[in-house]
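In: got a structure for you, letters missing:
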């Protein structure tokens, strides 16, 4: 069997994983990819009766050959046509070949990424490589696995889906399928759990029992290694969520510790800014002044030596100041069902199961008056930036990758291939607007949405935070406009609300990238009146994220229009521009390029800052790994 297609066994081991000595094969040139797509598109489709014979011939063939890969792609395309009634077009075949070449494919919204990923996953699985297809959320994973089950079955493959509520035995069974759909978070956590029970950590007796197949009493890994992953919305996983640490933790704490955090919050509430504490750095951290430290003198005595230590008390009060003055409800977190739930800063979705560390989460809970949870102690952790390069084969697709080509190449050694549209874009880009303040912005957006909805258009409006979405909702309600709001409070109905956003006269307000991965199908009357109109009311950290949201208009050559609207009191603009400049151009009729330049410059500075932070964390992780490797080589 081919060494190019890894799978658990003698060659790659029971748990295949990329090691430093494993080098990725150089990708094909664009001309070779185009020739392959032309050949696959021109090949006559196989009849349903011919599929079994060709499938058997493929299983006897050698996956290393180019001919085998072409035959497998044609077979997969034919199986998709017979099972789902959908014949893949050339761009999808090109994208599938890009994915099979361990590259990233940029495909415009509505061009059929799901089908291209399915073809690539099916071909790789026919070569006996276990494939993990990584989706944005559990809903999309379940949806795609269910919809594509007949396609994979026609290829003689089994497909499964891993979701958050599943237990270890269910996960192990799902990962045993040829193709498993799952989220990045579930994958990384399962990898961390497996790492704690890998063979290297077992006793000699347990290792011998596992070799003899007597491992019933031993908890086996749930994954079959990291052979191949195909990332849907790859930029979200590899860029936007790359820095977030995924922490495997266990609860610990005591009643004395709970009282300690309560006292820290009470002290922080009495402190005065400037006199008792000062802001540090970017204003999201605080430091006590000598006068502020004196406020801790009346702190009650504690039996525990750590809780009674002066430095620990000062750190707890400084964290309490962050909970009080930095972390904002309906922006950084939401409160629902009596619990504090974090909001992902990139997607705007509620990040269930995620918590702040070092007691900060418990401080926020006390601030909101909800039942305090148990503090978590970190056992092990990893970031997606460190996890996905451990796959022996890694590929992905997204509608917005071009802006991050350099970072994707330097961090992940992944090449980006842009797949051209089938039809030219008919989207009209309206000039950007810069309003004097947020109140004026919501009023202007609501007024424009009313006019467009009455004209038979569908309107999708993107906001940054839950609070902003609700402020806009109040403006729409004051005009008696029917609308739907999708934010971290309604994230369970995310895909259904987004899918219905193309109805005639419909106004949908969504935070950030909610509903990404779900098609908006416009009604014929909407298309006849100009299509979907998308308004972006935020300044993101990257123009790539803007394109993700604005790209919802005009899918598959349909008409549509987009516009960016911002206010001078947006934090990103105030962070990078002086107040006099923003005051001079905010809400005034100026040269149209000035608002665009103002937003683009702030966005560039913000994007540079995030890129620098990701690169710094990556260098730090490399240094730690080298130190650990060296320490293991030193014998006592």
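Out: Arrived safely, thanks for sending. A quick note: this is a predicted structure, and the numbers were derived from the prediction, not measured. Numbering: from 1, shown residues only.

In: Please tell me how far residue 408 sits from residue 600.
Out: When distance is defined by Cβ to Cβ, to the nearest Å, residue 408 is 22 Å away from residue 600. C-beta coordinates here come from the backbone N, C-alpha and C atoms, glycine included.

In: Tell me the spacing between residue 162 and residue 189.
Out: 10 Å.

In: Of the two, which one has the most company?
Out: residue 162 (26 against 19; other Cβ atoms under 10 Å).

In: What's the per-residue pLDDT of the more buried one here?
Out: Here the pLDDT value assigned to residue 162 is 96.

In: Nearest spatial neighbour of it, chain-adjacent residues omitted?
Out: In space, residue 162 comes closest to residue 182 once its chain neighbours are excluded; the distance is 3.9 Å by Cβ to Cβ, 6 or more residues apart in numbering.

In: How many residues are close by that neighbour?
Out: Applying other Cβ under 10 Å, we find 25 other residues in the vicinity of residue 182.

In: Now do the strands in the stretch 1-150 of the chain.
Out: 104-106, 131-135 (DSSP state E, counting those that start in this stretch).

In: likewise the stretch 151-300 of the chain?
Out: Taking DSSP E, counting those that start in this stretch as the criterion, the stretch 151-300 of the chain carries its strands at 159-161, 179-183, 228-232, 245-252, 277-280, 285-288.

In: coming back round to it: neighbour count for residue 408 and residue 600, which is higher?
Out: Neighbour tally, residue 408 and residue 600, criterion other Cβ under 10 Å: the higher count belongs to residue 408, 21 against 15.

In: which ones are touching the more buried one?
Out: Contacts of residue 408 were listed using Cβ atoms under 8 Å, 6 or more residues apart in numbering, and they are 104, 238, 239, 401, 414, 416.

In: How about residue 231?
Out: The contact partners of residue 231, by Cβ under 8 Å, 6+ apart, come to 134, 184, 237, 238, 388, 394, 395, 396, 397, 398.

In: For it, give the beta-bridge partners.
Out: Beta-bridge pairing of residue 231, defined through DSSP bridges, involves residue 134, residue 396.

In: Tell me the pLDDT of it.
Out: Here, the pLDDT recorded for residue 231 equals 97.

In: Now do it against residue 104, distance only.
Out: Relative to residue 104, residue 231 is positioned 8 Å away (Cβ to Cβ).

In: ditto for residue 618
Out: Here the criterion is Cβ to Cβ. By it, residue 618 lies 18 Å from residue 104.

In: Between these two, which has more neighbouring residues?
Out: residue 104 (27 against 19).

In: and that one, what is it in contact with?
Out: Applying Cβ under 8 Å, 6+ apart, we find residue 104 in contact with 98, 234, 395, 396, 397, 398, 401, 408, 414, 415, 416, 417.

In: Helix, strand or coil: sort out the last one for me.
Out: What that stands for is residue 417. Here residue 417 is strand, with the state taken from DSSP: H, G, I helix; E, B strand; the rest coil.

In: which stretch among the strands of the stretch 1-150 of the chain comes nearest residue 312?
Out: Checking these against residue 312 by Cβ to Cβ gives strand 131-135 as the closest, at 40.1 Å.

In: For the nearest residue to residue 71 once chain neighbours are set aside, report the pLDDT, please.
Out: Residue nearest to residue 71 in three dimensions, not counting chain neighbours: residue 58, with 6.1 Å by Cβ to Cβ, 6+ apart. Looking at residue 58, its pLDDT reads 91.

In: Need the mean per-residue confidence for the helix or strand hosting residue 411.
Out: Counting by DSSP states H and E, the secondary-structure element that holds residue 411 is helix 405-412. Mean per-residue pLDDT for helix 405-412: 89.

In: I'd like to know how far the nearest residue to residue 528 once chain neighbours are set aside sits from residue 508.
Out: Among residues not flanking residue 528 along the chain, residue 456 sits closest, at 7.6 Å (Cβ to Cβ, 6+ apart). From residue 456 over to residue 508 the distance is 15 Å, taken as Cβ to Cβ.

In: And these two? Which one has more around it.
Out: Each of residue 456 and residue 508 had its neighbours counted (other Cβ under 10 Å), and the higher figure belongs to residue 508 (25 against 15).

In: a helix runs through that one, doesn't it?
Out: No: counting by three-state DSSP, one finds residue 508 to be strand, located in no helix.

In: so it makes contact with residue 459?
Out: Yes: between residue 508 and residue 459 there is a contact under Cβ atoms under 8 Å: 7.1 Å.

In: Give me the average confidence score over the helix or strand where residue 533 lies.
Out: With secondary structure defined by DSSP H and E, residue 533 is part of strand 532-536. If you average the pLDDT over strand 532-536, you get 94.

In: circling back to that earlier point, tell me which of the strands of the stretch 151-300 of the chain lies nearest to residue 48.
Out: Of all the strands of the stretch 151-300 of the chain, the one in closest proximity to residue 48, counting by Cβ to Cβ, is strand 159-161 (19.8 Å).

In: Could you list every helix and strand in contact with that closest one?
Out: Using 3 or more Cβ pairs under 8 Å, 6 or more residues apart in numbering; DSSP states H and E as the contact definition, the elements that strand 159-161 packs against are helix 138-154, helix 168-175, strand 179-183.

In: Dump those to a markdown table, plus distance to residue 243.
Out: As requested, the helices and strands packed on strand 159-161 are arranged in a markdown table below (distance: least, Cβ to Cβ, whole Å):
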| stretch | distance to residue 243 |
| --- | --- |
| helix 138-154 | 22 |
| helix 168-175 | 26 |
| strand 179-183 | 17 |
